[in-house]
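Colleague: Sequence isn't available, so here's the structure alone:
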């Protein structure tokens, strides 16, 4: 599954959750919550309507109300499961990469590493290193796990 299709699924999941919690929510508010343009929300809503996941009714002259259909509830459940599975897959792959790098560190005689980067992937790296008995330090002379998105490089082995 591509990153773009994963992002689209996450947006649709978020839209369905927001609409479920507030059927009177407007597209501008949804766009702000998603961090996208109103046009993007409109495009996703049209897709959800075409799939039969959402119905639209007029609440007032200019106000729309979005209603999640039973198909929409089923779609939301599927998207939520897919999101959790994708997240665990990233977690497992990241842990395995770090374990592979830890094996190289040990083979080269090191028991410490510096992590260059931040965020969730850095947290997974740190946890995995500590579990494997590798100290995480801020010493620039130590070998480094350099994070670039989901990619992890080991640098500084001699």
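Modeller: That came in fine, so what should we check first? Remember, predicted model here, so these are calculated numbers, not experimental data. Numbers count the residues shown, from 1 in each chain.
Colleague: For the rest of this, base every contact and every neighbour count on C-alpha atoms.
Modeller: OK.
Colleague: Could you tell me which ranges of this structure sit under the pLDDT cut-off?
Modeller: 1-5 (pLDDT under 70).
Colleague: one more time with 90, if that's ok
Modeller: 1-10, 23-24, 33-35, 57-65, 86-87, 90, 149-150, 157-158 (pLDDT under 90).
Colleague: Just checking the distance from stretch 29-42 to the centre of its chain.
Modeller: 18 Å (C-alpha atoms, centre = their mean, to the nearest Å).
Colleague: Let me see the domain layout of this protein.
Modeller: 3-68, 92-155 (automatic domain parsing).
Colleague: closest to residue 86 out of these?
Modeller: Of all these, it is domain 3-68 that lies closest to residue 86, at 8.6 Å by C-alpha to C-alpha.
Colleague: buried ones in stretch 7-14?
Modeller: Of the residues in stretch 7-14, 9-14 count as buried by neighbour count, 16 or more other C-alpha atoms under 10 Å.
Colleague: Also stretch 138-158?
Modeller: 142-147, 152, 154.
Colleague: now swap in stretch 123-131 and tell me
Modeller: Counting neighbours by 16+ other C-alpha under 10 Å, the buried set in stretch 123-131 is 125-126, 128-129.
Colleague: Next step: those residues restricted to helices.
Modeller: 125-126, 128-129 (DSSP state H).
Colleague: would you list these in CSV and tack on distance to residue 90?
Modeller: CSV is the format used below for those (distance: C-alpha to C-alpha, whole Å):
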residue, distance to residue 90
125, 12
126, 15
128, 14
129, 17
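Colleague: ok, so of those residues, who is nearest residue 75?
Modeller: The closest of those, once distances to residue 75 are taken by C-alpha to C-alpha, is residue 125, at 33.1 Å.
Colleague: for the closest one, what are its contacts?
Modeller: 94-95, 98, 115 (C-alpha atoms under 8 Å, 6 or more residues apart in numbering).
Colleague: The most centrally placed residue in the chain: which element?
Modeller: Geometric centre of the chain, nearest residue: residue 87, 6.6 Å, by C-alpha atoms, centre = their mean. Under the criterion of DSSP states H and E, residue 87 resides in helix 70-107.
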